[in-house]
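1. Here is my input; please provide its structure:
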Amino acid sequence: MASSCRTGSRTGYSSTGKLNPDAVHGPLRACAGTVGTPSKGWPMPVFMIERRYADDLELSADAADGVNRINSDEGVQWLYSFLSADKRKTYCLYEAPSAEAIRRAAARAGLPADVVVEMIATVRPDGSLVPL
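-> Below is the predicted model:
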C-alpha cells in the first residue's frame, strides 16, 4: 500500500493549470525518511517494472504482505500495479533508491523483474511534460 504522504498532487501545477517548477515534488519532501528516502531531502526515484508470468497471477493479501516486507528491507516501496487482461503481465510502479534494489527485492520475493526502467516525468494528454 502506498504511504499516506503519496496523497496530494505531484504535478507541480498551480490552481490555474500553469506548471510551477518550485512545487514539483513538494508533497514528497514532507515524506523524508519514510522509505529509505535519499539523504539531502531529494525525492525517491520512481521505476516502472514489467513482470511476465508463466501462469495467471493470483496474489493473496498474505503474499502481498510478504512482498511488502521484503521491499521494506531493501528500501523499496510498491505503489501500485496494472494487471494485463490475460493475468500474465504486470506493470508496476515503485519508488526505490536504485534499479538494483528492485531486482534484489524481486529475487528475494521470487518475482520476475523482466524490465526495470526509471521514470522521470509524465506526459499529459495536452503534450505537457511533468517531472516526477
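2. For residue 90, the count of nearby residues, please.
-> Neighbours of residue 90 under the rule other C-beta atoms under 10 Å: 19. Placement of C-beta: from N, CA and C, glycine included.
3. Which helix or strand contains it?
-> For residue 90, the host element (DSSP states H and E) is strand 89-95.
4. Report the mean confidence score over that strand.
-> The average of the pLDDT scores along strand 89-95 is 97.
5. now do stretch 69-76
-> 98.
6. Equivalent analysis for stretch 121-132, please.
-> 94.
7. which secondary element of the chain has the worst mean pLDDT?
-> The least trusted helix or strand in the chain, going by mean pLDDT, DSSP states H and E, turns out to be helix 26-29, with a mean of 33.
8. what's in contact with the strand holding residue 90?
-> With C-beta atoms under 8 Å, 6 or more residues apart in numbering as the test, strand 89-95 has contacts from 35, 44-53, 57, 71, 76-84, 102, 119.
9. From the residues you listed, list just the buried residues.
-> 35, 44-47, 49, 51, 53, 71, 76-78, 81, 83, 102 (16 or more other C-beta atoms under 10 Å).
10. Report the two of those separated the most.
-> Using C-beta to C-beta, the buried ones among the contacts of strand 89-95 reach their maximum pairwise distance at 44 and 53, which is 26.3 Å.
11. what are the ranges of the helices in the chain?
-> 26-29, 61-73, 99-109 (DSSP state H).
12. Which of the contacts of strand 89-95 fall in strands?
-> 46-52, 77-83, 119 (DSSP state E).
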